[in-house]
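Enquirer: Sequence and predicted model, in that order:
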There are 4 protein chains.
Amino acid sequence: MKLWDKDGKMPAEVEAFLSGEDAFLDQKLVPFDCKASIAHAHMLKKIGVLSEKEGAQLVEGLQEIIKLHTEGKFHVKQADEDCHTAIEAYLIQKYGETGKKIHTARSRNDQVLTALRLYEKDAIHQVQALILTLKDCLLQLSKTYGYIEIPGYTHMQKAMPTIVKVWLGSFVSSFEDTLKVFHLADELVDQSPLGTGAGFGIPVFDIDREMTAKAMGFSSVLENPLYAQMSRGKIEATLMHALTQILFDLNKLSTDLLLFSMAEFGYVLLPSEFCTGSSIMPQKKNPDVLELVRASYHVVLGEEMKIKGIISNLMSGYNRDLQLTKGPMMQAIEITLGCLKSLCLLLPKITINEGTCKKAMSGELYATEEAYELVKKYPPIAFVLKPIHELPAAFLRDLAVNHDEELVRLDVL
Amino acid sequence: MKLWDKDGKMPAEVEAFLSGEDAFLDQKLVPFDCKASIAHAHMLKKIGVLSEKEGAQLVEGLQEIIKLHTEGKFHVKQADEDCHTAIEAYLIQKYGETGKKIHTARSRNDQVLTALRLYEKDAIHQVQALILTLKDCLLQLSKTYGYIEIPGYTHMQKAMPTIVKVWLGSFVSSFEDTLKVFHLADELVDQSPLGTGAGFGIPVFDIDREMTAKAMGFSSVLENPLYAQMSRGKIEATLMHALTQILFDLNKLSTDLLLFSMAEFGYVLLPSEFCTGSSIMPQKKNPDVLELVRASYHVVLGEEMKIKGIISNLMSGYNRDLQLTKGPMMQAIEITLGCLKSLCLLLPKITINEGTCKKAMSGELYATEEAYELVKKYPPIAFVLKPIHELPAAFLRDLAVNHDEELVRLDVL
Amino acid sequence: MKLWDKDGKMPAEVEAFLSGEDAFLDQKLVPFDCKASIAHAHMLKKIGVLSEKEGAQLVEGLQEIIKLHTEGKFHVKQADEDCHTAIEAYLIQKYGETGKKIHTARSRNDQVLTALRLYEKDAIHQVQALILTLKDCLLQLSKTYGYIEIPGYTHMQKAMPTIVKVWLGSFVSSFEDTLKVFHLADELVDQSPLGTGAGFGIPVFDIDREMTAKAMGFSSVLENPLYAQMSRGKIEATLMHALTQILFDLNKLSTDLLLFSMAEFGYVLLPSEFCTGSSIMPQKKNPDVLELVRASYHVVLGEEMKIKGIISNLMSGYNRDLQLTKGPMMQAIEITLGCLKSLCLLLPKITINEGTCKKAMSGELYATEEAYELVKKYPPIAFVLKPIHELPAAFLRDLAVNHDEELVRLDVL
Amino acid sequence: MKLWDKDGKMPAEVEAFLSGEDAFLDQKLVPFDCKASIAHAHMLKKIGVLSEKEGAQLVEGLQEIIKLHTEGKFHVKQADEDCHTAIEAYLIQKYGETGKKIHTARSRNDQVLTALRLYEKDAIHQVQALILTLKDCLLQLSKTYGYIEIPGYTHMQKAMPTIVKVWLGSFVSSFEDTLKVFHLADELVDQSPLGTGAGFGIPVFDIDREMTAKAMGFSSVLENPLYAQMSRGKIEATLMHALTQILFDLNKLSTDLLLFSMAEFGYVLLPSEFCTGSSIMPQKKNPDVLELVRASYHVVLGEEMKIKGIISNLMSGYNRDLQLTKGPMMQAIEITLGCLKSLCLLLPKITINEGTCKKAMSGELYATEEAYELVKKYPPIAFVLKPIHELPAAFLRDLAVNHDEELVRLDVL
């Protein structure tokens, strides 16, 4: 019987609406909820709520579930409502009354939040590792192609010469700043909510929150029980922001690669095994992976907006609205992992076409440099904005200036 | 073999990334793709690309799929990539070479867009019908409770008296405006994209676009083939906006009901079978349905933002980014239908507590009316903002003014 | 003295926070508030609240303000709080007690909303006219360059041949759909809120709402007074959506122009008088106008999100939050007008370079057409996906197939 | 003459569109641009580009501008385009050719970015200080009223007892986490972009970036010049996120205060000098400040979305789009400062009504506690979900259970 089905008469359609995607999403939360419950069981045993035997049974049962889940054999079904009910049902079926005791001195509120934060911690670490891998891919590419000259663009126009190393290096630098954002997200997530109950603590029982926090690997305890509820969605918003930061990096990288691999540029060659064909154009090689990575930025941004919208204008204390922050957060993480993994596979296979790059290094790219040289050579002239006919011929020849223009604009040098 | 798996060497993880949720989402698109394919088959037969027999076979096969789908027996599997491949695979398996011919003179681009637009048309009509039902619920409630006086609030403060009929009537009026937005969305969606190919028309074959449009129930044909691609996401943005308009109405209705059913107000009594219990608070009756409806506004708004973000800064012509507009649109529709259905069930069960409402009609609510009466009675005074001691005693007594305040502010009457 | 300065002791900083940008924004609202007040004065005279003389004075004073405003001589100052106070102050200074009577039987709530809706109606008509002008620019360009062949792109890759007429025509078609969205916005805005008071009607006085609606040029009256408040922000959301629809069109047009005018493409030449120079690169011609138009889509989208966020999770009745919807709406309109005007000036000056376009029409663009021809010529083969060595040599030669690939993918034709 | 007015023929309307709000916004940037230019002048002198005298003159001129600005006497006019041009114009007018030399070895790109980052650093420090002040206000309130019991709510229903100290403490805890986000924003902003030029470094001149960074108070130097451009908008996005985090805290605080100060609750009394009157309701005291603070969250969120949208799908290198990130960032900071300052003034003036709070502590709030006590007292029963008639009478009496319900739900304890 589901937790919230107070009198069994709720219409099935409304029930389905209430459950939403929980059964589907919660499949990923199973090991994290078990991990938290194991810590909780040990603590309940320590403070005497569970006997030694009861504690041992619950821990054993929870470890079994983790094992089954790893083997793909533990499924949260729609009828279970969510993973928490499914896990309890397993314990009750196996250990009877003892199974029910796992929920003593705990609210569904702090239980759910704890499982989510454990999932998030794990996800953050995965994302961080993939960013480091992708950074290595860039450095490796830079080692191979770094000193090839390519045009630097501003306003989508060839502006000044640069090299592949600077171009790829800008992403390396960006990743480094992005990692700082993840570090913060990790720090915020790393506070145990277990023991805050429904936002007002656990009365009567003398629980040991430090003990469970440590057992689950949290660095600290969310002290204020009401803040635990307030943090739901708020801390996730920071995690979402971290995700949109890395996806911004990938959005720009994809945008560059999509442009530079167009036939009109040809600086980059994409690996054909990462391209797809067309249903009516036999000659096409489509860079779908990069297009989807580019678009994923907007998808994750939408998920961020959902969370930032849901949590607004709500009074203190748990509101069911908050449950709808779970899907966006998990969805955003899965998409981010997908983008990072795909690029980690694709990036090492791209090649930079030195010939095409060389051909693209047209003369106008060097105008700034030439102008600066002139500033040194003709100091009294260069800082003035003058009509062409007033300038010394040598200066104009040196600058190879276009005589059709009536002014030479060097005032800003 | 999947359409875009050009050389069979794409890593499985990237393949999974490319497919995304398509298999899952496309389950709902099956009948719409079949409907479009039936129209296409008839047209191919008419223009001589298919023989009578081939045409008949394909139509028969497609009708079979629709029937199987209705019975829950046609499943789009992850390995199928999407519903279009699954449907073709069925036809090929059954009719061999003939099955393949269904894709003649059609691109995957216009095929997908056509199925989506048919799905959208259907969804819009469902939403419109549910809004009308919900409007009836409000009118019914109004018939029962309409003339009960309740406080009208501004700035969350009791302001002036009103009645239930006006309060519920504001939602009825809002629904009427919202329906106009859906009418527009319907009009925009109601243009057939079939025959626009990949955005540049179908060369060589002399297809009859009017014929297929009519057969599918579209009112007109999207003439410019490149606009068909440009409209992908753009027209969906208008549909999303329509969805956020109705969800705004529901957000406000939920907000009011959640507030007015708090013990502190008690104007409204929610049906207990729509409430849920708590895991640690045996006395609680939680209005989860209304909270989820309230939050759903933000979820659908996030989906709208995804689509409006994805379609930006892209060059003309199909970009794979556009595929990621499908999930948000379908998700938003499912959520909207869920909210509307739940409220259509819940609303008829609420009751308005006349006694509590009466008690809430405290004196200050009538101050505006009294002030206006005074304006009529004491015209030369009422328009002036004056220190209290300068005002006639009768005036002050009539207004029952708080003598602690130094000014009477009636200047704005 | 300001309307809301209840006891004169509010700290100046808080006062500034409350006024926000109103003085600045309201400068544009002056004529619309006057127009509404003129209608209101006529009505008050008709129902006997104002004498003939009083009515005539107020109308005269309001017309004076409109005239002064047109001449740039009527300024809403920060100390006035907003335009409504400034206008009343003018009337009071000129006509004494009579000036104050303009606010009889009116609330600041319906007054503000009325002025905003009149401003919006005017803005919508301006935008509609500019869209039509821009459409003419496109048709004119199409007349000059329409039959030049250019590559059609999908996935940012050359896909199939198309012509300038189709490319520009896609924007024409898009404008037509966008105009339908503005038509809806206009219809929703076109309902008079005057007379709804603070959301609960105007007690005591027997006002004539049809009369004022007609005098102001509204097609109908917003009947339910509480809906008038609910519509604030909601109807504006539809207007904002209309603005993001046209800005999406312009975003794509700019994206195309920015790309096609890059030296790497060269299909389009931008007028140099619309380009800007660089402070360190004397050779640069930067397409800033198009970049700003492109970015403006995101700015207006952000304004739309503000409004859609502000109005959420609020109980029925006026909440001061709603005032913050004014800035985003007005800002979005000004930006949209700026983008449209700039493009109306720029677009007629662009040229299409026929030579560069011709050179870009490389062979692979015709592959689809060739493949379709083959489908007709070699019907039994074309529908099969086969290893190359199993296909007839004539077929391969006709398709000029790349022999390095092991498969010919024509199964989908 | 403006920097980007390449040939003097740009239509005035387009010029206005290009300048946008720059003149208005830049008024606040003046001292920061001067500070950066002073550092730059010192460096140019050190590397020999400026003579001692030239360097001294420029520094003197820049300090004059700072002084004039402080006194409200330096104005960036619309005709100046932006503050950078206005400042240079001042130097040129005063020192002739020497004035022009300030732009040597610098691009407008790195100059603008440097001024913005200095402005942001300053803004972050102001916000941090105000958060600490507001935290003190909360602690002070908590000292006065902390042990008053108030209902704790979940699902907007009275749930469990709590105290003012826990309620206010949740905001204190939230502020502490928010400050961590600002600390990160500060760290990211704290990297000097000066010397990165237009994204490709400064050729020819041997500038000393460490020297200028140190002089301006930056902790480090943004090494990769192209990353400097990539960071524009990206780092601002993190700053925006920090702002939406604090505004979320304030949104919830306002929501609580607005609710708890309603007559229906009466827990909190707002200071009347922070309330506003109504134009038609003489009795009203409206909590406008709190409503505007609540709404400001959505406004700043919209600004965040603008920036996160603008920077997407753009190729590497400066794009003019980025300039439109300036307004949203500055606007968001001003709004945040306004909210914080207003609350710092308002909060110390609120009072908690102990009597009303006490009356609100109704019996059902203690049900969880009682249930937990029962769990200890009747262990074999409490974990079972049973029909009421099967439970011992003593148990039911102890729980004071409602006999109308058929089940006692204690299975989850």
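Expert: Done, it's in.

Enquirer: Now do the contacts for the residue in the stretch 101-250 of chain A positioned nearest to chain C.
Expert: Nearest residue of the stretch 101-250 of chain A to chain C, counting by C-beta to the nearest C-beta: A:His155, 3.9 Å away. Just so you know, the C-beta spots here come from the backbone N, C-alpha and C atoms, and that holds for glycine as well. Contacts for A:His155 (C-beta atoms under 8 Å, 6 or more residues apart in numbering or on different chains) come out as C:Lys284, C:Asn286, C:Pro287, C:Asp288, C:Glu291, D:Gly317, D:Tyr318, D:Asn319, D:Arg320.

Enquirer: Ok, A:Thr356 next?
Expert: Contacts of A:Thr356 (C-beta under 8 Å, 6+ apart): A:Phe265, A:Gly266, A:Tyr267.

Enquirer: Can you tell me which residues in the stretch 51-200 of chain A are near chain C?
Expert: A:Thr154, A:His155, A:Met156, A:Gln157, A:Lys158, A:Ala159, A:Met160 (C-beta under 8 Å from any C-beta of the partner chain).

Enquirer: Model confidence at the last one, what's the number?
Expert: Looking back up the chat, that one is A:Met160. For A:Met160, the model assigns a pLDDT of 93.

Enquirer: Next up, the contacts around the nearest residue to it once chain neighbours are set aside.
Expert: Counting by C-beta to C-beta, 6 or more residues apart in numbering or on different chains, D:Phe200 is the residue found nearest to A:Met160 once chain neighbours are left out, at 4.2 Å. Residues counted as contacts of D:Phe200 (C-beta under 8 Å, 6+ apart) are A:Gly152, A:Ala159, A:Met160, A:Pro161, A:Thr162, A:Val166, D:Pro225, D:Leu226.

Enquirer: Now the fifth one: closest residue in space that isn't a chain neighbour?
Expert: Read it as A:Thr162. A:Gly152 (3.8 Å).

Enquirer: thought that neighbour was touching A:Ala159?
Expert: Yes. Using C-beta atoms under 8 Å, A:Gly152 makes contact with A:Ala159 at a distance of 5.3 Å.

Enquirer: just to revisit the earlier point, out of the contacts of A:Thr356, which is nearest to chain C?
Expert: A:Phe265 (5.7 Å).

Enquirer: closest point of the stretch 1-150 of chain A to chain D, which residue?
Expert: Proximity to chain D, evaluated over the stretch 1-150 of chain A using C-beta to the nearest C-beta, is greatest for A:Lys100 at 4.3 Å.

Enquirer: Quick check: the gap between that residue and A:Cys34.
Expert: From A:Lys100 over to A:Cys34 the distance is 16 Å, taken as C-beta to C-beta, to the nearest Å.

Enquirer: who's more crowded, these two?
Expert: A:Cys34 (26 against 20; other C-beta atoms under 10 Å in any protein chain shown).

Enquirer: Who are the contact partners of the more buried one?
Expert: Residues near A:Cys34 by C-beta under 8 Å, 6+ apart: A:Leu62, A:Gln63, A:Ile65, A:Ile66, A:His69, A:Ile87.

Enquirer: That one falls within a helix, correct?
Expert: Yes. Under DSSP: H, G, I helix; E, B strand; the rest coil, A:Cys34 sits within a helix.

Enquirer: can you tell me how far the residue nearest to it when sequence neighbours are not counted sits from A:Glu21?
Expert: Counting by C-beta to C-beta, 6+ apart, A:Leu62 is the residue found nearest to A:Cys34 once chain neighbours are left out, at 4.4 Å. In this view, A:Leu62 and A:Glu21 are 24 Å apart by C-beta to C-beta.

Enquirer: Not counting sequence-adjacent ones, nearest residue to A:Ala213?
Expert: Closest residue to A:Ala213 apart from its sequence neighbours, by C-beta to C-beta, 6+ apart: A:Ser192 at 3.5 Å.

Enquirer: one step back: which SS class is the residue nearest to A:Met160?
Expert: At D:Phe200 the chain is in coil, as set by three-state DSSP.

Enquirer: For it, give me the backbone phi and psi.
Expert: phi -130, psi 20 (degrees, to the nearest 10).

Enquirer: Check A:Ser51 too.
Expert: With angles defined as degrees, to the nearest 10, A:Ser51 sits at phi -70, psi 170.

Enquirer: number of nearby residues for the closest residue to it other than its chain neighbours?
Expert: The shortest distance from A:Ser51 to any non-neighbouring residue, by C-beta to C-beta, 6+ apart, is to A:Lys45 (7.5 Å). By the measure other C-beta under 10 Å, the count of residues near A:Lys45 is 18.

Enquirer: hang on, A:Lys45 packs against A:Glu54?
Expert: Yes. Here A:Lys45 lies in contact with A:Glu54, judged by C-beta under 8 Å, at a distance of 7.3 Å.

Enquirer: Just the strands from chain A, written as ranges.
Expert: A:149-154, A:157-163, A:191-192, A:220-221, A:268-269, A:351-352, A:386-387, A:407-408 (DSSP state E).

Enquirer: A:Gln140 and chain B: what is the separation?
Expert: Distance from A:Gln140 to chain B, counting by C-beta to the nearest C-beta, to the nearest Å: 18 Å.

Enquirer: ok, now how distant is that residue from A:Thr133?
Expert: Following C-beta to C-beta, the distance that separates A:Gln140 from A:Thr133 is 10 Å.

Enquirer: Also A:Glu273?
Expert: In terms of C-beta to C-beta, A:Glu273 sits 19 Å off from A:Thr133.

Enquirer: A:Ile66 now?
Expert: From A:Ile66 to A:Thr133 the distance is 27 Å (C-beta to C-beta).

Enquirer: phi, psi of the residue of the stretch 101-250 of chain A closest to chain C?
Expert: The phi/psi pair for A:His155 (degrees, to the nearest 10) is phi 50, psi 30.
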